[in-house]
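A.B. asks: Fold the following and give me the result.
(one chain, ligands or ions: 1)
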Amino acid sequence: MASNGAYRNGGSQRGSFKADRPPHAGSNLRTSSFKARPSIRRSTSGSFGSNANKDGDGVPGRVRVAVRLRPRNGEEQVADADFADCVELQPELKRLKLRKNNWDSDTYEFDEVLTESASQKRVYEVVAKPVVESVLDGYNGTVMAYGQTGTGKTFTLGRLGDEDTANRGIMVRAMEDILSDVSPETDSVSVSYLQLYMETLQDLLDPANDNIPFVEDPKTGDVSVPGATVVEIRNQSSFLELLRLGEAHRFAANTKLNTESSRSHAILMVHVKRSVVREDVLSGEEGEPLELGRPFRPVIRKSKLVVVDLAGSERIHKSGSEGHLLDEAKSINLSLSALGKCINALAENSAHVPIRDSKLTRLLRDSFGGSARTSLIVTIGPSPRHRGETSSTILFGQRAMKVENMLKIKEEFDYKSLSRKLEVQVDKLIAENERQQKAFEDEIEKIHLEAQNRISEAERNFGDALEKESKKCQLDYMETVKKLEEKLVLNQPKIHNDDSICSKSSGQGGFISAAEEVEVKKMLENEVNLRKAAEEEVNRLRHQLELYREPNVGEESDIVKLTKVLEDEARQKKKLEEEVIILQSQLLQLTLEAEQMRKCLDRSGADNGFPAYDTPMSPFRHSQPKETRSGHKPQVATLFEQVGLQKILSLLDSEDANARIHAVKVLANLAAEESNQKRIVEAGGLISLLMLLRSYEDETVRRVAAGAIANLAMNEANQERIMAEGGISLLSLTANAAEDPQTLRMVAGAIANLCGNEKLQSKLRSEGGLKALLGMVRCGHPDVLSQVARGVANFAKCESRAASHETNNGRSLLIEDGALPWIIQNANNEVAPIRRHIELALCHIAQHEINAKEMIRGGALWELIRISRDCSREDIRNLARRTLTSSPVFRSEMRRLRIEF
Ligand SMILES: Nc1ncnc2c1ncn2[C@@H]1O[C@H](COP(=O)(O)OP(=O)(O)OP(=O)(O)O)[C@@H](O)[C@H]1O
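C.D. replies: Got it, this is the predicted structure:
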């Protein structure tokens with residue numbers, strides 16, 4: 001039933017959908033014939049969202065307007081049979097003539113003129129495709145249809161093409177192009193589908209969700225509808241299902257002019273999120289290692305395509321509306337006339353644009369005069385009976401052509417993607433390092449085994465040779481002995497027979513002839529020589545064996561080579577470890593930055609994060625030691641495991657400046673965790689950091705080192721250690737020399753922490769720490785002043801404690817060092833943390849009666865009275881009151897001044 005407020009029947013649209021693609025989809029998207037014309041000057045004051053272009057970095061883009069003529073319908077063919085059409089189109093000249101009467105007409109120029117025979121494909125290509133391309137490039141875009149009821153707005157935008165794919169409208173074709181251009185791995189596309197019906201915004205994808213509020217960002221002009229259903233689109237068929245669902249829920253009615261007249265403005269929002277790497281800071285290709293130190297900025301581009309099918313403008317008497325239909329018609333006309341007024345104001349550069357007159361104009365603030373690329377199609381009918389409405393539609397289009405937008409890309413830094421890439425890099429480097437280590441160990445093992453085998457074989461060979469030689473020597477020896485024995489036996493009878501000869505010749509009872517004696521001697525000599533030779537041979541072999549056991553020349557060169565490989569490997573390993581540290585630290589920094597941003601967002605601007613009095617200052621402090629939400633805690637822990645503290649400390653002396661800076665940053669981050677501090681100090685980290693203050697020229701290194709020292713100075717044991725290592729002199733030197741407020745803030749924070757230790761008071765002063773702290777007020781930066789004030793408050797508190805224990809009876813050292821005028825001057829400082837610390841310091845100084853007169857002379861009494869009355873902290877207020885009432889000097893001065901207290 002097409003009655004008041006009836007839902008449009010989606011039945012006719014249903015049926016099986018054939019997932020078809022136009023031939024151009026995914027091919028060349030940049031083929032628009034919708035050429036830009038010279039832009040029209042427009043002042044920024046005349047935009048729907050007047051703040052939208054304040055940044056001034058956009059690209060001018062005039063609203064493009066096309067006019068489309070609907071063919072005569074059945075009723076017109078009969079009723080207007082004797083009349084000519086009220087318009088004549090000259091598409092080649094992009095002109096339209098609107099007949100006034102038979103002999104006179106007005107001529108209008110448009111960006112495109114689409115005749116009654118223009119195909120849906122051509123309409124999409126000239127009207128919407130350039131906008132879709134812009135959206136894919138990261139700009140917001142709007143395509144909107146405006147025209148009298150029944151002139152073809154829904155036909156142009158919303159046709160699904162179920163019956164004939166050639167009839168697919170702009171919504172369907174736009175999504176086809178978007179899906180074919182985005183990458184499913186890195187990009188996402190999602191849609192919301194809404195209708196604005198009688199000034200309420202309703203969810204076409206969930207009709208129960210009616211009267212949804214929308215949020216306007218006054219700065220960017222962006223309008224978002226956080227309460228609307230958002231559906232991620234992965235393929236065309238799911239999108240078509242959503243369009244069918246939405247159409248079925250859209251308000252429609254049967255009016256005199258259109259049996260399926262839309263009674264609401266339909267708004268399709270397509271959100272496109274794309275990951276890109278900025279051209280100016282291009283990184284390596286996918287999988288290619290990132291070059292360290294080179295800027296790498298992946299960004300996410302978020303853009304939005306808004307397709308608006310306005311409800312038809314109508315003359316109420318012509319549409320025949322009455323009752324509820326009449327109310328609907330009035331509401332439609334009101335919102336359309338508000339839109340017209342805004343466009344008039346923009347076209348005329350008017351100072352005031354009545355954007356708040358209707359929800360429609362508020363919703364479209366980015367589309368007209370904002371940062372979106374906007375294309376408007378005005379639809380008209382041919383009938384001379386509706387010449388008035390056609391004329392006003394044409395004039396609407398003409399005025400819209402004068403509106404100029406300032407197109408802007410909206411992109412955000414893609415922390416997630418960078419973090420993911422860095423993690424992958426770190427994993428790769430670690431894996432590469434492990435792989436090389438393993439290959440190296442395997443190689444060593446192999447060479448060792450080979451050498452072992454060769455030595456064993458040589459030992460075996462020489463052993464055999466030795467054995468052989470010694471057997472041979474033995475055999476020769478035995479042989480010779482045997483020969484001698486045989487000779488002896490042969491000579492024996494001769495000796496017995498020739499006794500006399502023997503005794504004569506030898507004179508010692510011998511019977512051998514002289515010749516025989518010579519022969520025996522010779523044999524004996526031979527024997528001795530043989531034995532010697534055998535012994536020498538054995539020695540020579542032994543010696544050779546020894547030599548063999550030592551590396552020979554060939555082996556020696558192998559070992560030299562091996563040593564070189566070893567050294568190269570060690571160097572490579574060191575470099576990889578340095579790179580790992582740099583990447584880890586970059587990752588850590590990013591995680592911390594992302595975490596800080598998240599916290600800023602969470603806090604919604606209510607920043608009360610300044611550490612309370614007495615709370616040691618921690619410039620790199622992480623929010624909670626147990627925090628796991630950010631994920632950086634485990635990363636810090638893994639740094640210890642993967643790289644090792646000693647390695648990080650050794651990198652502080654690295655030849656590579658980049659590695660040095662990263663190492664000190666990593667150390668500072670580690671020092672921010674209380675659980676790491678003991679290990680850092682024990683491993684010599686505190687001394688290394690102090691050395692950096694002394695020796696290092698680089699401001700970043702000094703700043704980060706001072707920050708790390710400030711963190712370590714949070715606990716008492718470390719405070720004493722810092723003093724013992726001469727840290728206060730180094731901090732004082734840095735305080736006097738540095739100019740950078742952030743370095744001074746860190747140094748002041750470190751000294752302020754030391755000021756809170758009662759035992760160190762006099763040493764701190766005698767070594768110049770107090771003077772250095774007070775000297776830093778020259779910088780004037782509130783962050784530095786706040787740390788100085790905290791140090792002063794800590795110092796004064798320790799003094800007042802000592803006075804109450806009667807371990808100190810002298811005047812305050814702060815007064816001695818001339819700090820009182822500064823303290824009084826800043827007691828009512830407009831920066832809350834400075835004020836609060838100074839108020840406390842004054843109360844503590846005033847607690848010791850000996851300081852009272854000097855304080856009165858300096859004007860501190862008035863500040864103390866103010867604090868006792870106005871201080872926002874109750875404990876400080878009470879402390880001031882107690883101090884004033886318990887001090888006889890202050891009491892008598894107040895009496896003298898007749899101050900009631
Ligand atoms: N270019 C065209 N070619 C053929 N038929 C068309 C064309 N434009 C519109 N029509 C037909 O005209 C009728 C009215 O069109 P449509 O519903 O799109 O108008 P509308 O402007 O959206 O109206 P309303 O504002 O009342 O919703 C429909 O039957 C549609 O099929």
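A.B. asks: all helices for the stretch 51-200 of the chain, in order.
C.D. replies: Under the criterion DSSP state H, counting those that start in this stretch, helices of the stretch 51-200 of the chain are mapped to 74-79, 120-123, 129-137, 153-158, 170-181.
A.B. asks: Least reliable of those helices by average pLDDT, please.
C.D. replies: By mean pLDDT, the lowest-scoring of these turns out to be helix 74-79, with a mean of 87.
A.B. asks: in it, what counts as buried?
C.D. replies: For helix 74-79, the neighbour count (16 or more other Cβ atoms under 10 Å) marks E76 as buried. The way it works is simple: take the backbone N, C-alpha and C, and place the C-beta from them, glycine included.
A.B. asks: How about the residue of the stretch 401-550 of the chain found nearest the ligand: what's its closest non-neighbour residue?
C.D. replies: Taking Cβ to the nearest ligand atom as the measure, the stretch 401-550 of the chain has M401 as its residue closest to the ligand, at 20.5 Å. In space, not counting the residues next to it along the chain, M401 is nearest to V65; the distance is 4.7 Å by Cβ to Cβ, 6 or more residues apart in numbering.
A.B. asks: cool, A789 as well?
C.D. replies: With Cβ to Cβ, 6+ apart as the measure, H837 is the residue that lies nearest to A789, at 3.6 Å, once sequence neighbours are left out.
A.B. asks: residues near the residue of the stretch 401-550 of the chain closest to the ligand, how many?
C.D. replies: 20 (other Cβ atoms under 10 Å).
A.B. asks: Quick check, it in contact with A66.
C.D. replies: No - using Cβ atoms under 8 Å as the test, M401 is too far from A66 to be in contact (10.2 Å).
A.B. asks: quick one: secondary structure of D210?
C.D. replies: coil (DSSP: H, G, I helix; E, B strand; the rest coil).
A.B. asks: give the contact list for the residue nearest to it when sequence neighbours are not counted.
C.D. replies: Leaving out its chain neighbours, the residue that sits closest to D210 by Cβ to Cβ, 6+ apart is Q202, at 4.3 Å. The neighbours of Q202, taking Cβ atoms under 8 Å, 6 or more residues apart in numbering as the test, are L194, Q195, L196, N209, D210, N211, I212, S264.
A.B. asks: Which parts of the chain belong to which domain?
C.D. replies: Taking automatic domain parsing as the criterion, the chain consists of the domains 44-73+83-281+294-357+371-413, 438-550, 572-783, 809-901.
A.B. asks: ok, I409 to V59 distance?
C.D. replies: I409 sits at a distance of 9 Å from V59 (criterion: Cβ to Cβ, to the nearest Å).
A.B. asks: Up against the ligand, what does the stretch 351-500 of the chain have?
C.D. replies: T379 (Cβ under 6 Å from any ligand atom).
A.B. asks: So which residues of the stretch 351-500 of the chain form strands?
C.D. replies: For the stretch 351-500 of the chain, the strands defined by DSSP state E, counting those that start in this stretch cover 373-380, 404-407, 411-413.
A.B. asks: from these, which stretch is densest packed?
C.D. replies: Stretch with highest mean neighbour count among the strands of the stretch 351-500 of the chain: strand 373-380 (a mean of 27; mean count of other Cβ atoms under 10 Å).
A.B. asks: Tell me which other helices or strands it touches.
C.D. replies: With contacts defined as 3 or more Cβ pairs under 8 Å, 6 or more residues apart in numbering; DSSP states H and E, the secondary structure elements packing on strand 373-380 are strand 64-69, helix 129-137, strand 141-147, helix 153-158, helix 387-400, strand 404-407.
A.B. asks: Could you report the pLDDT at the residue of the stretch 801-901 of the chain found nearest the ligand?
C.D. replies: At 58.5 Å from the ligand, A832 is the closest residue in the stretch 801-901 of the chain, using Cβ to the nearest ligand atom. Note for A832: predicted pLDDT of 91.
A.B. asks: What's the local residue count around it?
C.D. replies: Using other Cβ under 10 Å, A832 has 12 other residues around it.
A.B. asks: quick one: it from L114, how far?
C.D. replies: Relative to L114, A832 is positioned 64 Å away (criterion: Cβ to Cβ).
A.B. asks: One more: R531?
C.D. replies: Here the distance between R531 and L114 works out to 124 Å (Cβ to Cβ).
A.B. asks: which of those two has more neighbours?
C.D. replies: Using other Cβ under 10 Å as the criterion, R531 and L114 rank with L114 on top: 21 against 14.
A.B. asks: what's the closest non-adjacent residue to the more buried one?
C.D. replies: Counting by Cβ to Cβ, 6+ apart, R68 is the residue found nearest to L114 once chain neighbours are left out, at 4.2 Å.
A.B. asks: Equivalent analysis for Q437, please.
C.D. replies: Taking Cβ to Cβ, 6+ apart as the measure, Q437 lies nearest to K573, with 7.0 Å between them; neighbours along the chain are not counted.
A.B. asks: Contact residues of this structure facing the ligand?
C.D. replies: With Cβ under 6 Å from any ligand atom as the criterion, the chain comes near the ligand at residues 70-71, 73, 147, 149-155, 258, 260-262, 311-312, 379.
A.B. asks: If we use 8 Å, what do you get?
C.D. replies: Within the chain, the positions adjacent to the ligand are 68-71, 73, 116, 118, 145, 147-156, 158-159, 252, 255, 257-263, 309-314, 379 by Cβ under 8 Å from any ligand atom.
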